[in-house]
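Asks: 3D model of this:
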Amino acid sequence: QTSERTLDAPDLLDDHRLNLLDWGSGNVLSISLGSTVYLWDASDGSTSELVTVDEGSGPVTSLRWAPEGRNLAVGLNNSEVQLWDSAAARLLRTLGGGHGSRVGALDWNSHILTTGGMDGRIIDNDVRVRAQAVETY
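Replies: Numbering: from 1, shown residues only. This is a model prediction of the structure:
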């Protein structure tokens, strides 16, 4: 009846509309603490910092691993979504222009990333193509 591990999470934003934790298929937990995204590898217990976004973009408002467990979508307060290669710690691309306010929800269906913003819009983005917004609700 005791925990196996305890997550120390200072600067975890206290807002039930945000999605600041996600466990990927590669057994890695992503967590946003303020404007920084950390990765904790459950296989070996290692922790690394993926990205700290600047004040104009942050804080981070949502996280979602792609199904393959390598790429991570990061929703931001400035209405953008960044796609990161977690293994290389490299920004792959930024999706912008679709939302008018922070992105609080993300989900993947194969290569389609669906984003939900506080502006009431839901956008399906095909991350394989340059003009990624394929449907807006």
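Asks: which parts of this structure are strands?
Replies: Ranges of strands in the chain, per DSSP state E, are 21-23, 28-33, 36-41, 47-52, 60-65, 71-76, 81-85, 90-95, 103-109, 112-117, 122-126, 133-136.
Asks: quick one: residue 30 and residue 120, what's the gap?
Replies: Residue 30 is 26 Å from residue 120, where distance means CB to CB, to the nearest Å. (Each C-beta comes from the backbone N, C-alpha and C, glycine too.)
Asks: what pairs with the residue nearest to residue 97 when sequence neighbours are not counted across the strands?
Replies: Closest residue in space to residue 97, ignoring its immediate chain neighbours: residue 133 at 7.8 Å, by CB to CB, 6 or more residues apart in numbering. For residue 133, the beta-bridge partners under DSSP bridges are residue 125.
Asks: in terms of neighbours, single out the busier of residue 30 and residue 120.
Replies: residue 30 (23 against 10; other CB atoms under 10 Å).
Asks: can I assume residue 37 is in contact with residue 58?
Replies: No: in this structure, residue 37 is not within contact of residue 58 by CB atoms under 8 Å, at 10.0 Å.
Asks: for residue 52, list the residues it contacts.
Replies: 35, 36, 37 (CB atoms under 8 Å, 6 or more residues apart in numbering).
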